[in-house]
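# Structure for the following, please:
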Amino acid sequence: MQTRRIGDRSVSAIGLGGMPLSIEGRPDRDQAIRTVHAALDAGVTFIDTADAYHRDAGEAGHNEELIAAALRSRGSDADEVLVATKAGHLRPGDGTWTQDGRPEHLKAAAKESARRLGVEAIGLHQFHRPDPEVPYAESIGALVELLEEGVIRMAGISNADLSQIDEADEVLGGRLASVQNQFSPRFRSSEEELRRCAEKDVAFLPWSPLGGIANAADLAANHAELAAVAEETGASPQQVTLAWELSLADVVVPIPGASRPESVHSSAAAAELTLSAEQLARLSAS
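Numbers count the residues shown, from 1 in each chain. Predicted coordinates for the structure are as follows:
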């Protein structure tokens, strides 16, 4: 699989979003582990998780522990995998989401994430979502302290706008490694943030790059050009979507979620799909 860079790490051009393995509708543990192993077999070396990726109250860190167990069971095969986790977004267990961007929470959460992942230092740690009750610079300041303490190796942000990208990079002293925002054919409002990341050589990690769990299967029905290009290339609409996103900038690393091994292999194959300039232009204009 072709590679991209996140900070000083080379990773697969397409990663694995771990969230579907732990939230509502999640597979059983055996299938979840096999899905992670399938990602490794397909050449995936970047996996995204978060302490808030869980379903029920009292199981914060479910996805982190699941990913860690899957990687441990593969031993040296997983040595080159970069695992990114996040803190600052919470799930009380009733299906809702809340924020906690207080520095003391973010620092404590990162140390708990490192424990669950079984690592001395987290490869990439991201502030999950801005907290309107906490000045943004204060939340990012926690990442600075975590870097200095060696708890994390790289720092990133998620769900950020242009001003927050610039502010985070300034507070981090130019060390911002990644921005993880929602981006897909149906949700393109982060195109300016993607371009800013390309200007700064900061990795842009589209979450829900296929439009979300409930919409991925309907890409062809909802996007005529995707369906047309898929027919022209013999690829699936999902593969065409990921190949188009990769074409937008060298800093883009999509992280489609998966709950079945078959989905992982299909997504990974998109990294080898070549679309013509004319096809890419049609997709961008649609």
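
# what comes up buried for stretch 82-89?
By neighbour count on 16 or more other CB atoms under 10 Å, the buried set for stretch 82-89 is Leu82, Val83, Ala84, Thr85, Lys86, Ala87, Gly88, His89. For the C-beta atoms, the positions are set from N, CA and C on the backbone; glycine is no exception.

# how far away is the fifth one from Gly101?
By that I understand Lys86. According to CB to CB, to the nearest Å, Lys86 and Gly101 sit 12 Å apart.

# sorry, back to before: going by distance to Leu283, which of the buried residues of stretch 82-89 wins?
Ala84 (27.0 Å; CB to CB).

# Tell me if I am right that that closest one is in a helix.
No. Assignment of Ala84 by DSSP: H, G, I helix; E, B strand; the rest coil gives strand, placing it outside any helix.

# I figured it hits Asp48, correct?
Yes. With contact defined as CB atoms under 8 Å, Ala84 and Asp48 form a contacting pair (5.0 Å).

# what residues do the two have in common as contacts?
Counting by CB atoms under 8 Å, 6 or more residues apart in numbering, the residues touching both Ala84 and Asp48 are Gln180, Leu205.

# just so I have it, where are all the strands in the stretch 1-150 of the chain?
For the stretch 1-150 of the chain, applying DSSP state E, counting those that start in this stretch gives strands covering 3-6, 9-12, 16-17, 46-48, 82-87, 89-90, 98-99, 124-127.

# okay if I get the ones you listed as CSV plus distance to Ile67 and mean pLDDT?
Output for those, formatted as CSV (distance: least, CB to CB, whole Å; pLDDT from 0 to 100):
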stretch, distance to Ile67, mean pLDDT
strand 3-6, 17, 98
strand 9-12, 15, 98
strand 16-17, 9, 98
strand 46-48, 6, 98
strand 82-87, 6, 98
strand 89-90, 17, 94
strand 98-99, 23, 95
strand 124-127, 13, 98
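
# To Thr241, which of the ones you listed lies closest?
With CB to CB, the closest approach to Thr241 among the strands of the stretch 1-150 of the chain belongs to strand 16-17: 14.0 Å.

# contact partners of the closest one?
36, 39, 44, 46-48, 207-208, 255-258, 264.

# Let me have the residues you listed in CSV, extended by neighbour count and distance to Ala70.
Putting those into CSV (neighbours: other CB atoms under 10 Å; distance: CB to CB, whole Å) gives the following:
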residue, neighbour count, distance to Ala70
Val36, 27, 4
Ala39, 27, 9
Val44, 25, 12
Phe46, 28, 14
Ile47, 26, 9
Asp48, 28, 14
Trp207, 21, 20
Ser208, 22, 22
Ile255, 23, 16
Pro256, 27, 17
Gly257, 24, 15
Ala258, 28, 13
Val264, 25, 12
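
# farthest pair in those residues?
Farthest pair in the contacts of strand 16-17, by CB to CB: Val36 and Ser208, 19.0 Å.

# follow-up on the earlier one: quick one, which of the strands of the stretch 1-150 of the chain is nearest to Ser247?
With CB to CB as the criterion, Ser247 lies closest to strand 3-6 of the strands of the stretch 1-150 of the chain, at 12.4 Å.

# what sits in contact with each of Lys86 and Gly101?
Residues touching both Lys86 and Gly101 (CB under 8 Å, 6+ apart): Phe127.

# Could you say which helix or strand holds Arg282?
Assigned by DSSP states H and E, Arg282 belongs to helix 277-285.
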